[in-house]
Structures are given as C-alpha cells and as structure tokens.
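*Asks:* Give me coordinates for this.
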Amino acid sequence: MAVSRKTKTTEPWNYERTVEKIEDILGLMESGDMSLNDVFEQFGVAAAYLKECDRFLGERRSQVELLIEQLTDEPEF
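*Replies:* Numbers count the residues shown, from 1 in each chain. Prediction:
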C-alpha cells in the first residue's frame with residue numbers, strides 16, 4: 001500500500017501533520033509489505049516532506065534569532 005503525496009487537501013501546511021506522514025511512510029517501508037519500486041517511490045516522497053520540514057524549521061529559527069536580536073538591541077531604561 002503506497003502513501004500518495006498528491007492528496008488534495010484544503011488544510012494549510014502543518015509541521016506535525018507532515019512529520020506524521022513521514023512516520024507513516026517509514027512504517028510502511030519497515031513492514032516489508034511494499035514492492036521495491038514502491039519503497040523507492042515513497043522514499044522520495046518522505047525526502048520531499050523532510051525538505052519541507054527543514055525549510056519550515058529554518059524559517060522559524062531565523063524568526064527567533066531576529067526576535068532575540070531585537071530584544072538585545074533595545075535600550076535599557
């Protein structure tokens with residue numbers, strides 16, 4: 001059973017939900033019930049999800065660094 005990345009959804013992107021999708025794919029791969037072709041296909045899907053998560057975390061890290069910088073640049077009263 002393959003997990004399809006092309007599922008239509010109206011929900012906004014969500015980090016936790018994307019991690020769950022990666023975990024589902026890994027579970028299927030570990031089950032041994034997939035053909036080798038499906039394993040490679042799903043590996044590609046999981047890799048794309050991981051890139052999305054990495055990009056999200058990078059953006060959030062930049063936001064936090066900016067906020068910290070703004071806090072440390074404010075004059076003390």
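*Asks:* Return the list of helices and strands in contact with the host helix or strand of V64.
*Replies:* Using DSSP states H and E, V64 sits within helix 36-73. Contacts defined by 3 or more Cβ pairs under 8 Å, 6 or more residues apart in numbering; DSSP states H and E place helix 36-73 against helix 15-31. For glycine as for every other residue, the C-beta is placed from the backbone atoms N, C-alpha and C.
*Asks:* Please enumerate residues in contact with the helix it packs on?
*Replies:* 1-3, 11, 34, 39, 42-43, 45-46, 49-50, 52-53, 56-57 (Cβ atoms under 8 Å, 6 or more residues apart in numbering).
*Asks:* Leaving aside the residues adjacent along the chain, what's closest to the residue nearest the centre of the chain?
*Replies:* Closest residue to the average C-alpha location of the chain: C53 at 3.0 Å, with Cα atoms, centre = their mean. Closest residue to C53 apart from its sequence neighbours, by Cβ to Cβ, 6 or more residues apart in numbering: T18 at 5.7 Å.
*Asks:* Brilliant, that's me finished.
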